[in-house]
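S.K.: Sharing a sequence plus its predicted fold:
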Amino acid sequence: MKTTVEEILQQKGREVWTISPKATVMEALKLMDEKHIGALVVTHDDQVVGIISERDYARKVILRGKSSINTHVKEIMTDKVYYVGLKTTAEECLILTTQQSIRHLPVLDNGKLVGLISIGDVVKSVIGEQETEIRQLSEYITGKYI
C-alpha cells in the first residue's frame, strides 16, 4: 500500500507557518528560527504566492550582499511553487522533489493550504513502506505470515 500525503500529515501534523510577501527577510528568518523550520509558505489573501527557504536566503541575500533588514520576502522568495494534494503518494512526492530540486511541498486541498511536507518527511515515509514490505516478505518466506 502506498502512503499518501494525507497519511504523512497525520503523522507529522498539519501545522504550517506562513509569512507575507511584504515582510522583511529578517522577520522570516526570526520566524524560521523560532519554529525550528527551514522554510515558510508565502501567502497573500490566503493564497500561496511563494515559498522562502534558508536556501533562498543564502543564495539571494548573503551571496549578493543584501541586507536582511531592508530586503522583503517577495524579492527573494521562490514564486514558482510546486504543490501536492492529500491523495498524492509519497513516491510521487519523491519524484517531484528530485526532478525539480526542491525540498518543500505545500499541500493544498481544494485550493486551501492544509500543510507542508519536506523531502525528509517523504523519505521517512518511503523507508517506512520499504521496511514494512521487507518484514512482510520475510515473514511469508519463513512461514510466520498470518
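M.R.: In hand now; what should we look at? Numbering: from 1, shown residues only.
S.K.: which residues of the protein score low on pLDDT?
M.R.: Where the chain drops to pLDDT under 70, the residues are 1, 128-132, 134, 136-137, 145-146.
S.K.: Which residue ranges of it form strands?
M.R.: With DSSP state E as the criterion, the chain has strands at 18-19, 39-44, 47-53, 104-109, 112-118.
S.K.: Just want the phi and psi numbers for T142.
M.R.: T142 adopts backbone torsions of phi -90, psi 0, taken as degrees, to the nearest 10.
S.K.: And it, how far from R135?
M.R.: The spacing between T142 and R135, counted by CB to CB, to the nearest Å, is 11 Å. Quick note: C-beta positions are derived from backbone N, CA and C, even for glycine.
S.K.: The two: which has the busier surroundings?
M.R.: Shown here are T142 and R135; by other CB atoms under 10 Å, R135 has more neighbours (12 against 8).
S.K.: Run a quick neighbour tally on T24.
M.R.: 18.
S.K.: residues contacting it?
M.R.: T24 makes contacts with 68-73, as judged by CB atoms under 8 Å, 6 or more residues apart in numbering.
S.K.: related to what we said a few turns ago, to Q11, which of the strands of the chain lies closest?
M.R.: Nearest to Q11, of all the strands of the chain, is strand 112-118, at 10.2 Å by CB to CB.
S.K.: Buried by neighbour count: which residues of that closest one qualify?
M.R.: Across strand 112-118, burial judged by 16 or more other CB atoms under 10 Å covers 113-118.
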